[in-house]
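Asker: The sequence and its predicted three-dimensional model are supplied below.
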Amino acid sequence: EVQLVESGGGLVQPGGSLRLSCAASGFFFSSYIMHWVRQVPGKGLEWVSSINSGGDVTSYADSVKGRFTISRDNAKNTLYLQMSILKPGDTAVYYCAKSAGVTPDYWGQGTQVTASS
């Protein structure tokens, strides 16, 4: 059974940092492209970042470029998102997702990130 379990979310003051993790199981993790996507309640999904299977190619939305870093540890079947200089606009539920190609085919349950004073 495929599972993606996000953790590390929470409440942080603007300007602060958080590190999200996504533990993967039930599939060959190191063969898949991985993504972080976020959603504000009542709004659509926003793509945040992606990383290739080997971990050496990354891409970011303009809204997070220079503040967020995606990485993966294929030996631990884990995806990460290091978030720095958090803004109130980063408040959302963050999901990790996997894909064989461009379009994600499985999502986790999400973790809430709130940047507020």
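Answerer: Received it, and whenever you're ready, just let me know what you need.
Asker: for the residue nearest the centre of the chain, which residues make a bridge with it?
Answerer: Within the chain, one residue has its C-alpha closest to the average C-alpha position: by Cα atoms, centre = their mean, that is residue 36, at 3.0 Å. Residues found in beta-bridge contact with residue 36 (criterion: DSSP bridges) are residue 49, residue 96.
Asker: going forward can the numbers begin at 35, since that is how I track them
Answerer: OK, 35 is where the count begins now, so the last one is residue 70.
Asker: That one contacts residue 54, doesn't it?
Answerer: Yes: with contact defined as Cβ atoms under 8 Å, residue 70 and residue 54 form a contacting pair (7.3 Å). C-betas here are computed from N, CA, C, even on glycine.
Asker: what residues are shared contacts of these two?
Answerer: Residues touching both residue 70 and residue 54 (Cβ atoms under 8 Å, 6 or more residues apart in numbering) are 115, 128, 130.
Asker: quick one: which of these has the most company?
Answerer: The most neighbours of any of the shared contacts of residue 70 and residue 54, using other Cβ atoms under 10 Å, belong to residue 130, which has 29 neighbours.
Asker: got a list of what that one touches?
Answerer: With contacts defined as Cβ under 8 Å, 6+ apart, residue 130 is in contact with 38, 40, 54, 56, 58, 68-71, 113, 141-142.
Asker: Please produce a PyMOL select command covering the buried subset of these.
Answerer: This is how PyMOL selects the buried members of these, with burial counted by 16 or more other Cβ atoms under 10 Å:
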select buried, resi 38+40+54+56+58+68+69+70+71+113+142
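Asker: can I get the contacts of residue 130 in TSV with pLDDT and secondary structure?
Answerer: Putting the contacts of residue 130 into TSV (pLDDT from 0 to 100; DSSP: H, G, I helix; E, B strand; the rest coil) gives the following:
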residue	pLDDT	secondary structure
38	98	strand
40	98	strand
54	98	strand
56	98	strand
58	98	strand
68	97	strand
69	97	strand
70	98	strand
71	97	strand
113	98	strand
141	95	strand
142	96	coil
